[in-house]
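> Show me the folded form of this:
(one chain, ligands or ions: 1)
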Amino acid sequence: MALLELDGVSKAFGSLKAVDGVSFQVQAGEIFGVAGPNGSGKSTLFNVITGIPFGPDKGRIRFDGTDIHRKSGNDIARLGLARTFQRETSFDGLTVFENAVIGAGYGGPARKSVAVREAAAEALEFVGLGPAQFGRLAGELSVFDRKCLMLATAIAMEPRMLLLDEPASSLTKPEIETSIGLIRRIAGRGITIVLIEHVLTFLMSLSQHLLVLNQGTVLAAGDPKTVISDPRVVEAYLGTRRPDA
Ligand SMILES: Nc1ncnc2c1ncn2[C@@H]1O[C@H](COP(=O)(O)OP(=O)(O)OP(=O)(O)O)[C@@H](O)[C@H]1O
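Coordinates of the predicted model:
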């Protein structure tokens, strides 16, 4: 059974159909890539799946067999579905450790405070933010470290599925390489990953399945190599150029 199933999901802003009748399935254990030109509806898709900040207008979304399209973001997170955001998002006036503690306390079944603190510390060290960083204010971190903190906060929730919205944006090439390794290690923890990314090489090196959105609808989906060779994808994504970057 698929871990995540979307069936005819739509979200409009006034007359703009940002997501328009989208259907797909994500299997447990895979890394599933989502690509598409600017404004094609990728982030809106994540918003409606997670209910943060809004759910869909129409359609059905099932997570591990449970209908989630009418649930609150809070309830969806507690079922084991976490997300990160395109922009580095943290409580900048709190420390690195306090941010991760919020994630650890938010998801999963109620845990004792010692277990919450252990989960927070483990998640931070997992992403490379060691104890020396725990007391720093989140707002003082570099872009890369803030992205790592956002990942740690999500991992600390111990989700079954993690939705990553452009984790490589604003990163240098070496940082992108580190991120690829980190995402593989997150998948290695048994967390199913859905990944939005503009950098196609990043998506290609990580994804077992690839879906391309265009103007809110699914343009192509399937094996990544087949999908990026599809002439409709080449045209929609990069004009007449081959999508090689
Ligand atoms: N809250 C909102 N209110 C009004 N319009 C919105 C809102 N959020 C998104 N849109 C519009 O919906 C469309 C899809 O936006 P979305 O951010 O989902 O695209 P995207 O594929 O993630 O784009 P990008 O790659 O640039 O991040 C765009 O036309 C956008 O302007």
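
> Around the ligand, pick out the residues from this protein.
Applying C-beta under 6 Å from any ligand atom, one finds that the chain approaches the ligand through 13, 16, 18, 36, 38-44, 86. All C-beta spots, glycine's among them, are computed from the backbone N, C-alpha and C.

> name the helices or strands packed onto the longest helix along the chain?
Longest helix of the chain, by residue count under DSSP state H: helix 173-188. Judged by 3 or more C-beta pairs under 8 Å, 6 or more residues apart in numbering; DSSP states H and E, the packing partners of helix 173-188 are helix 143-156, strand 192-196, helix 200-206.

> How far off centre is that helix?
Its chain's C-alpha centre and that of helix 173-188 lie 14 Å apart, by C-alpha atoms, centre = their mean, to the nearest Å.

> contacting residues around that helix?
Helix 173-188 is contacted by residues 29, 31, 126-128, 144, 147-148, 151, 155, 162, 164, 167-168, 171, 193, 195, 199, 202, 205-206 when judged by C-beta atoms under 8 Å, 6 or more residues apart in numbering.

> when you compare where that helix runs with where helix 143-156 runs, what's the angle?
Here helix 173-188 runs at 0 degrees with respect to helix 143-156, directions being taken by axes from the mean of the first three to the mean of the last three C-alpha atoms, to 10 degrees.

> average pLDDT for helix 173-188?
Here helix 173-188 scores 95 as its mean pLDDT.

> Taking their axis directions, it and strand 192-196 sit at what angle?
Using the same axes, to 10 degrees: helix 173-188 against strand 192-196 is 150 degrees.

> which parts of helix 173-188 are buried?
Within helix 173-188, the residues that count as buried by 16 or more other C-beta atoms under 10 Å are 175-176, 178-180, 182-183, 186-187.

> Give me the neighbour count for Gly190.
9 (other C-beta atoms under 10 Å).

> What separation is there between the residue nearest to it when sequence neighbours are not counted and Leu182?
Leaving aside its sequence neighbours, Gly190 sits nearest to Gly29 (C-beta to C-beta, 6 or more residues apart in numbering; 7.1 Å). Using C-beta to C-beta, to the nearest Å, one obtains 18 Å as the distance from Gly29 to Leu182.

> sorry, back to before: filter the residues of the chain next to the ligand down to the ones in helices?
42-44.

> Rebuild the residues you listed as CSV, extending it with neighbour count.
Below are those laid out as CSV (neighbours: other C-beta atoms under 10 Å):
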residue, neighbour count
Lys42, 25
Ser43, 17
Thr44, 24
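
> Let me know the distance separating the nearest residue to Gly80 once chain neighbours are set aside from Val9.
Nearest non-adjacent residue to Gly80, counting by C-beta to C-beta, 6+ apart: Arg160, 3.8 Å away. Applying C-beta to C-beta, the value for Arg160 to Val9 is 20 Å.

> residue ranges with poor pLDDT in the chain?
Low-confidence segments of the chain (pLDDT under 70): 107-111, 238-245.

> And the helices in it?
42-50, 73-78, 96-106, 113-126, 143-156, 173-188, 200-206, 224-229, 231-238.

> what about the ones you listed, which gets the closest to Ala132?
helix 96-106 (9.9 Å; C-beta to C-beta).

> hang on, the earlier thing: out of the residues of the chain next to the ligand, which one sits closest to Ala115?
Gln86 (30.9 Å).

> Quick check: that closest one touching Glu166?
Yes: contact between Gln86 and Glu166 holds when scored by C-beta atoms under 8 Å: they sit 4.7 Å apart.

> any common contacting residues for these two?
Joint contacts of Gln86 and Glu166 (C-beta under 8 Å, 6+ apart) are Ile196.

> between the two, who's got more neighbours?
Between Gln86 and Glu166, counting by other C-beta under 10 Å, Glu166 is the more crowded of the two (20 against 16).

> Break this protein into its domains for me.
Taking automatic domain parsing as the criterion, the chain consists of the domains 2-80+159-238, 92-155.
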